[in-house]
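Trainee: A structural model of the following input is requested.
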Amino acid sequence: MSLRRGVRALALSSVLATGAWSVAADEGAMAYRQKVMDAVGGHMQAMVAIAKQEVAHGDHLKVLAANMAGLATIVPDVFPAGSGGGDSHALPAIWEQPDAFQERLDAFVAAATKLDGVVASGDMSQFGAALGGLGQACKGCHDDFKAE
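Mentor: Here you go, the predicted model:
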């Protein structure tokens, strides 16, 4: 009888620990996503400041654009199921409409890659349009999938 209770207690504690670990993992995923998205926003704001000539750091554009393109490739990975809620600005529509969300992510990756290519080429005549395209890709996702 005592052994049976011990096994039950062990099983129950394993289930509870697994549930607690799952919640902690979801919170960790949400915190990680927020840091990645803060980096995306920071890079965008820095490039806009350069474009508006608020700062004289045009030589930083290559690094910023390359980093943005790199960040864009990991953004699709930072929205695992169960990582919404809490302090997250991610709307449930992300997981309820995965195909539409994926389309927005694909547009973001394409726009960031295009901007990186423009900056890397040195032909800055297309920079404004490429930066605007990236801004539209960001807005397209924020409009439907981010709570303000």
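
Trainee: from memory residue 33 sits against residue 90, does it?
Mentor: Yes. At 7.2 Å, residue 33 counts as touching residue 90 under the criterion of C-beta atoms under 8 Å. No exception for glycine: its C-beta is placed from N, CA and C like everyone else's.

Trainee: any common contacting residues for the two?
Mentor: 79, 83 (C-beta atoms under 8 Å, 6 or more residues apart in numbering).

Trainee: Helix or strand: which one has residue 137?
Mentor: For residue 137, the element it lies in under DSSP states H and E is helix 127-145.

Trainee: Report the next helix or strand after the helix or strand containing residue 37 in sequence order.
Mentor: Per DSSP H and E: residue 37 is located in helix 2-51. For helix 2-51, the following helix or strand on the C-terminal side (DSSP H and E) is helix 61-74.

Trainee: List the contacts of the residue nearest to residue 78 when sequence neighbours are not counted.
Mentor: The shortest distance from residue 78 to any non-neighbouring residue, by C-beta to C-beta, 6 or more residues apart in numbering, is to residue 33 (4.0 Å). With contact set as C-beta under 8 Å, 6+ apart, residue 33 has these partners: 78, 79, 83, 88, 90.

Trainee: Now neighbour count, secondary structure and pLDDT too, for these, in CSV please.
Mentor: Shown next, in CSV, are the contacts of residue 33 (neighbours: other C-beta atoms under 10 Å; DSSP: H, G, I helix; E, B strand; the rest coil; pLDDT from 0 to 100):
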residue, neighbour count, secondary structure, pLDDT
78, 18, helix, 94
79, 21, coil, 91
83, 22, coil, 80
88, 20, coil, 84
90, 21, strand, 91
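
Trainee: now, which of those residues sits nearest residue 98?
Mentor: Lowest distance from residue 98 to those (C-beta to C-beta) belongs to residue 79, with 9.3 Å.
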